[in-house]
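>>> quick one, fold the following:
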Amino acid sequence: MATTTILIVAAEAFPLAKTGGLGDAITGMARALSERGIAATILLPAYRGVTRLLAGAREVARLDDLPGGDARLLSGVCPASELSFLLLENDALYDRAGLYMNDDGQEHADNGVRYAALCHAAVRVAQGLPGLPRPTVVHAHDWHAALTPLLLREAGVQDVKSVLTIHNLAFQGQFPLEDAPALGIPPACRSEDAMIAWDKLNFMKAGIRHADRLTTVSRTYAREILTPAFGCGLDGLLRERAADLMAIPNGIDTALWDPARDPQLGPLRYHAGDLANKRLCKTVLQREFDLLPDAQATLVVLGSRLTEQKMADVAAEALPRVLDAHADMQVAILGQGDRRLENALASLATRYPKRCATRIGYNETGAHRLHAGGDILLHGSRFEPFGLTPLYAMRYGTVPIGSRVGGMADTIEDPGADAPLTAMAFANGLLFDGDSPDAMADALSRAMHLRRHPTLWRAMQRNGMTRDFSWQRAVGPYEELIQALAGDSTVEDAAAVPVPAQASEASQASQAGHRRTRQARGSMPMPL
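Model (predicted):
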């Protein structure tokens with residue numbers, strides 16, 4: 001039997017390129033598939049500095065007439081992940097300081113060309129290049145790679161199957177119709193049926209329409225995107241394809257995110273059986289954020305994009321209420337995003353000196369230290385496809401407070417405020433509904449109350465730290481799907497997402513969808 005091979009097409013893969021959770025998910029899934037015997041190769045743009053992170057990088061092909069100009073395909077192995085990579089090298093497109101945005105926070109004007117080139121390169125690999133194995137399955141991730149299934153079909157590649165995984169439907173890759181020739185989109189595909197939505201080319205629509213199978217990253221999000229409220233205008237098309245849509249939850253890299261082995265913590269590592277060093281990590285974090293070193297204080301951490309999606313606007317209103325009500329609460333914020341919201345949260349430091357601090361920016365070390373030193377993670381979100389950050393927090397014994405949406409509704413276990421207090425011994429976090437400051441403030445106050453019951457709090461920490469959210473657990477359904485597409489097995493029909501009962505979409509679909517997709521011309525969000 002021939003070896004099943006998969007070409008993973010993505011805009012990020014840790015540690016070569018990462019702005020957030022997508023990069024973690026790509027690497028984690030690829031490693032887990034490789035451990036299951038599926039030969040996985042990741043096709044990634046050769047962003048600035050990426051090639052030197054590969055061992056033995058060498059040219060394996062020249063690709064002429066791609067969008068944006070001729071390019072080289074480089075092959076190598078990343079020593080850190082032990083994964084095989086193909087890098088698409090075109091310095092005019094990719095040799096820049098930022099992956100998706102420039103130094104002023106604006107999307108690169110040619111993002112359409114940059115990621116269309118990546119998709120065309122994937123098709124060239126699928127068609128066959130000398131010295132490279134043809135993949136059995138091409139697995140495209142998010143809008144950056146979503147043009148690939150359409151191009152595969154237009155090229156007549158029938159023996160290579162395609163999967164599109166939707167990590168965040170709100171970002172769809174929309175570009176003017178007049179860009180179609182520059183993006184290499186055949187005239188036959190320039191239609192509403194193929195990939196046009198709201199009078200624009202829409203990469204995500206192209207992938208949803210043409211991929212052999214669709215997946216998304218949590219069970220709740222899979223149901224949500226079939227509704228007008230969360231479908232971002234594409235819920236009707238997704239309902240048409242519901243039989244081909246599977247919910248396959250992400251996992252996390254439990255070796256990378258492990259307080260017992262984390263090099264970012266220096267000598268202050270700890271584990272579920274002994275949290276003594278976690279208290280010392282809190283002291284370190286307090287000092288780093290210029291907070292009052294106080295072992296008895298409850299340190300709330302927020303590590304996120306500072307945007308309305310992540311409820312940074314709600315946090316700016318809710319946090320002062322809880323800080324006023326609880327003199328023993330401190331807040332440490334790490335993130336970046338909307339300048340207005342950055343300023344609103346940063347101003348809290350003036351109002352609450354030594355109790356609240358905001359650091360604008362993001363780095364891996366800071367994220368690890370935030371989870372290690374915090375008592376509570378605040379992670380509100382108006383929509384959350386999966387939610388890696390709460391899982392990282394759980395691994396470090398930091399109890400998450402999250403919105404009851406998407407993947408957080410699936411992974412944060414909370415019997416509710418009306419349940420007996422003793423029921424929290426089986427919880428691993430807290431959930432709240434809606435996006436009002438009152439709801440967020442009430443959840444924070446509830447957590448502060450639970451902190452006064454050390455035995456219950458310790459049980460919640462232990463539940464989160466010992467729950468298996470690893471890719472080793474999560475990868476099984478992907479393996480089954482890939483083998484099914486390769487013709488080696490079948491995927492149970494039960495894996496498809498049921499279509500929810502609802503009113504007709506015509507009058508409703510655009511309200512939430514247009515609002516989100518108008519903002520989603522091209523850049524990838526940075527879920528932390």
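>>> could you check the host helix or strand of N343 and say which residues are buried?
Counting by DSSP states H and E, the element that carries N343 is helix 339-346. Within helix 339-346, the residues scored as buried using 16 or more other CB atoms under 10 Å are L341, E342, A344, L345, A346. For every residue, glycine as well, the C-beta is placed using N, CA and C.
>>> pLDDT weak spots in the stretch 1-150 of the chain?
1-2 (pLDDT under 70).
>>> kindly recompute the last result at 90.
Counting by pLDDT under 90, the stretch 1-150 of the chain contains low-confidence ranges at 1-4, 19-21, 97-98, 101-106.
>>> mind listing the helices for it?
21-35, 91-94, 111-127, 142-145, 148-154 (DSSP state H, counting those that start in this stretch).
>>> out of those, which is closest to P15?
Closest approach to P15 among these is made by helix 21-35 (7.7 Å; CB to CB).
>>> residues contacting G98?
Applying CB atoms under 8 Å, 6 or more residues apart in numbering to G98 gives the contacts H108.
>>> list phi and psi for it.
Note on G98: its backbone torsions stand at phi -110, psi 150 [degrees, to the nearest 10].
>>> if we can go back for a sec, do you know which of the helices of the stretch 1-150 of the chain lies nearest L183?
L183 lies closest to helix 111-127 among the helices of the stretch 1-150 of the chain, at 4.0 Å (CB to CB).
>>> chain center to the closest one: distance?
22 Å (CA atoms, centre = their mean, to the nearest Å).
>>> also stretch 150-157?
28 Å.
>>> name the helices or strands packed onto the helix holding N343?
For helix 339-346, the packing partners by 3 or more CB pairs under 8 Å, 6 or more residues apart in numbering; DSSP states H and E come out as strand 298-306, helix 312-325, strand 329-337, strand 356-360.
>>> L388 is nearest to which of these?
strand 298-306 (10.7 Å).
>>> just send the helices of the stretch 1-150 of the chain back as CSV, with distance to L53 and mean neighbour count too.
Output for these, formatted as CSV (distance: least, CB to CB, whole Å; neighbours: other CB atoms under 10 Å):
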stretch, distance to L53, mean neighbour count
helix 21-35, 12, 24
helix 91-94, 14, 18
helix 111-127, 18, 24
helix 142-145, 20, 29
helix 148-154, 24, 24
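>>> and W457, which of these is closest to it?
helix 21-35 (27.0 Å).
>>> what's next to that closest one, contact-wise?
6, 8, 10-15, 17-18, 40, 42, 81-83, 141-142, 167, 217, 250-253, 256, 386, 388-389, 471-472, 474-475, 478-479, 482, 524, 527-528.
>>> so where is the protein shaky, pLDDT-wise?
Ranges of the chain meeting pLDDT under 90: 1-4, 19-21, 97-98, 101-106, 255, 362-364, 487-528.
>>> thinking again about what came up before, can I get the helices of the stretch 1-150 of the chain in CSV with distance to H326?
Listed next are these as CSV, based on distance: least, CB to CB, whole Å:
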stretch, distance to H326
helix 21-35, 30
helix 91-94, 48
helix 111-127, 44
helix 142-145, 39
helix 148-154, 51
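>>> S381 is nearest to which of the ones you listed?
Per CB to CB, nearest to S381 of the helices of the stretch 1-150 of the chain: helix 21-35, 12.1 Å.
>>> and that closest one, how far from the chain's centre?
On the basis of CA atoms, centre = their mean, helix 21-35 sits 12 Å off its chain's mean C-alpha point.
>>> mind checking which of the helices of the stretch 1-150 of the chain is nearest P181?
helix 111-127 (10.9 Å).
>>> and the buried residues of helix 339-346, which two are furthest apart?
L341 and A346 (9.4 Å).
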